[in-house]
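In: I'll drop the sequence and a predicted model, then ask my questions.
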Amino acid sequence: MSGSVRAMAVLTFASLVAVAAYSVVLGSNGWLWFVWVLLGMLTAGMAASRSR
C-alpha cells in the first residue's frame, strides 16, 4: 500500500470515528454519513487502482 493510499485509509477511519461520535453525542446526521460513504468509496477506488 503506497503512502497516499495509507493516508487516505487513516483519514477514512478517523472520519468514521468522528462521525460515529457526533452521531452518539448530537444525533445522527444523514449528510455526514453520506460524505463518509463517498470518502470510503474514494479510498477503496484509490486502493484498487494502486494495486494493479
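Out: Now that the structure is in, tell me what you want to look at. Numbering: from 1, shown residues only.
In: if we look at the lengthiest helix in the chain, which residues are touching it?
Out: Longest helix in the chain, counting residues (DSSP state H): helix 3-26. For helix 3-26, the surrounding residues in contact (C-beta atoms under 8 Å, 6 or more residues apart in numbering) are Met1, Asn29, Leu32, Trp33, Trp36, Leu39, Gly40, Leu42, Thr43, Met46, Ala47, Arg50. From N, CA and C alone the C-beta is placed, and that goes for glycine too.
In: Mind doing that once more with 6 Å?
Out: By C-beta atoms under 6 Å, 6 or more residues apart in numbering, the list of residues contacting helix 3-26 from outside reads Leu32, Trp36, Leu39, Gly40, Thr43, Met46, Ala47, Arg50.
In: Same check on stretch 31-49?
Out: Contacts for stretch 31-49 (C-beta under 6 Å, 6+ apart): Val5, Met8, Ala9, Thr12, Ser15, Val19.
In: May I see the buried residues of that stretch?
Out: Trp36, Leu39, Gly40, Thr43, Met46 (16 or more other C-beta atoms under 10 Å).
In: got it, and stretch 8-18?
Out: For stretch 8-18, the neighbour count (16+ other C-beta under 10 Å) marks Met8, Ala9, Thr12, Ser15 as buried.
In: Return the distance of the residue nearest the centre of the chain relative to Trp31.
Out: In the chain, the residue lying closest to the centroid (C-alpha atoms, centre = their mean) is Thr12, at 2.6 Å. The gap separating Thr12 from Trp31 is 17 Å, by C-beta to C-beta, to the nearest Å.
In: helix or strand for Tyr46, which one?
Out: Not Tyr; residue 46 is Met. Assigned by DSSP states H and E, Met46 falls within helix 30-50.
In: can you pull the alpha-carbon coordinates of stretch 23-37 into CSV?
Out: Taking Å, rounded to 0.1, in the frame of the first residue of the first chain, the C-alpha atoms of stretch 23-37 are listed here in CSV:
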residue,chain,number,x,y,z
SER,A,23,-24.0,10.7,16.0
VAL,A,24,-23.8,9.4,19.6
VAL,A,25,-23.5,12.8,21.2
LEU,A,26,-25.7,15.0,18.9
GLY,A,27,-27.8,12.6,17.0
SER,A,28,-27.4,11.2,13.5
ASN,A,29,-26.9,13.4,10.5
GLY,A,30,-27.5,11.8,7.2
TRP,A,31,-25.2,14.2,5.3
LEU,A,32,-22.2,13.3,7.4
TRP,A,33,-22.8,9.6,6.8
PHE,A,34,-23.3,10.2,3.1
VAL,A,35,-20.0,12.1,2.9
TRP,A,36,-18.3,9.4,4.8
VAL,A,37,-19.5,6.7,2.4
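In: Done for today, thanks.
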